[in-house]
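Enquirer: any chance you could fold what I've pasted below:
(one chain, ligands or ions: 1)
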Amino acid sequence: MGRMSLAAFRTASYLKSVHHLRDLPPDSGREVAIAGRSNAGKSSAINAMAEQGRLARTSRTPGRTQQLVFFRLAEDRHLVDLPGYGYAKVPEALRQHWQHLIEEYFRSRQALAGLVVVMDIRHPLREFDAGMLAYARARGLPAHVLLTKADKLSRSQQLATLARVRRELGEQASAQLFSAQARQGAEEARAVIARWLELPGVQ
Ligand code: GDP
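Expert: Predicted structure coming up:
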């Protein structure tokens, strides 16, 4: 299973960016959404999972991307990079557009099979994260948390934070340690996503 999911990630390719729901690709197959506050390390996590340096662009301007970005992993199997925000400087009109887009996407998208939320391990479970998890819960979708930038903490701090976050999440979501920089956790994350996507060859 590890090799099958890695192959799909390694050959993942950019499909399209969607600013309005009318531009979504056909609602068929399966897709997993990945969300995170700006600067949490979401783009780096996507690139690390794909073992591709520049699949998702890492951000220079926080909050810049206000689009749903679709990556194709296999036939009718997609990873959807949700726009992240969390910076006060996002203008109100943009914030409202974002919220409407995300809410409608979660409410209506049949292909959506699960949600991954990327959190900086030093600042987990902020309001934004709780909101995203609530969208998933409202749909009965499974959720998984990547506590990224784990390399910023000692091993014992990593494990203590993971235990605390798991306790706070309860049944809401599973959680794991991740670091794009230290190449930690990619296999575990890919396995979760591959299972939700029912990638060919994955049990
Ligand atoms: P995004 O806005 O959530 O897509 O975040 P990015 O992936 O662009 O990362 C934001 C910043 O965090 C960048 O400066 C990255 O180099 C840094 N970063 C991302 N992942 C890691 C990691 O695993 N470890 C460390 N130390 N820094 C990271």
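Enquirer: contacts, neighbours, all on C-alpha from now
Expert: Will do.
Enquirer: so where's this structure uncertain?
Expert: Scanning the chain with the threshold set as pLDDT under 70 gives 1-4, 58-65, 85-89, 201-203.
Enquirer: the residue nearest in space to the middle of it: what's it in contact with?
Expert: Residue closest to the mean C-alpha point of the chain, counted by Cα atoms, centre = their mean, is Ile34 at 1.8 Å. Ile34 sits next to Lys42, Leu79, Val80, Asp81, Leu82, Leu115, Val116, Val117, Val118 when contact means Cα atoms under 8 Å, 6 or more residues apart in numbering.
Enquirer: then Ser174?
Expert: Taking Cα under 8 Å, 6+ apart as the test, what Ser174 contacts is Ala143, His144, Val145, Arg166.
Enquirer: which strand residues bridge it?
Expert: Beta-bridge pairing for Ser174 (DSSP bridges): His144.
Enquirer: of the contacts of Ser174, closest to Leu177?
Expert: Proximity of the contacts of Ser174 to Leu177 was ranked by Cα to Cα; the top entry is Val145 with 8.5 Å.
Enquirer: enumerate the residues of the chain near the ligand.
Expert: For the chain, the residues in contact with the ligand (Cα under 6 Å from any ligand atom) are 36, 38-44, 58-59, 62, 148-149, 151-152, 179-181.
Enquirer: picking up where we left off before, of the contacts of Ser174 - the most surrounded one?
Expert: Ranked by neighbour count (other Cα atoms under 10 Å), these have Val145 at the top, with 29 neighbours.
Enquirer: now do the longest strand along the chain: which elements does it pack against?
Expert: Secondary structure of the chain per DSSP state E: the longest strand is strand 112-120. Using 3 or more Cα pairs under 8 Å, 6 or more residues apart in numbering; DSSP states H and E, the elements in contact with strand 112-120 are strand 30-36, helix 127-139, strand 143-148, helix 186-197.
Enquirer: parallel or antiparallel, list what pairs with it.
Expert: Its sheet considered, strand 112-120 pairs with strand 30-36 (parallel), strand 143-148 (parallel) by DSSP bridges.
Enquirer: element containing Leu101?
Expert: In the assignment (DSSP states H and E), Leu101 maps to helix 92-108.
Enquirer: tell me the angle of that helix relative to helix 127-139?
Expert: 30 degrees (axes from the mean of the first three to the mean of the last three Cα atoms, to 10 degrees).
Enquirer: what comes up buried for helix 92-108?
Expert: Arg95, Trp98, Leu101, Ile102, Tyr105, Phe106 (16 or more other Cα atoms under 10 Å).
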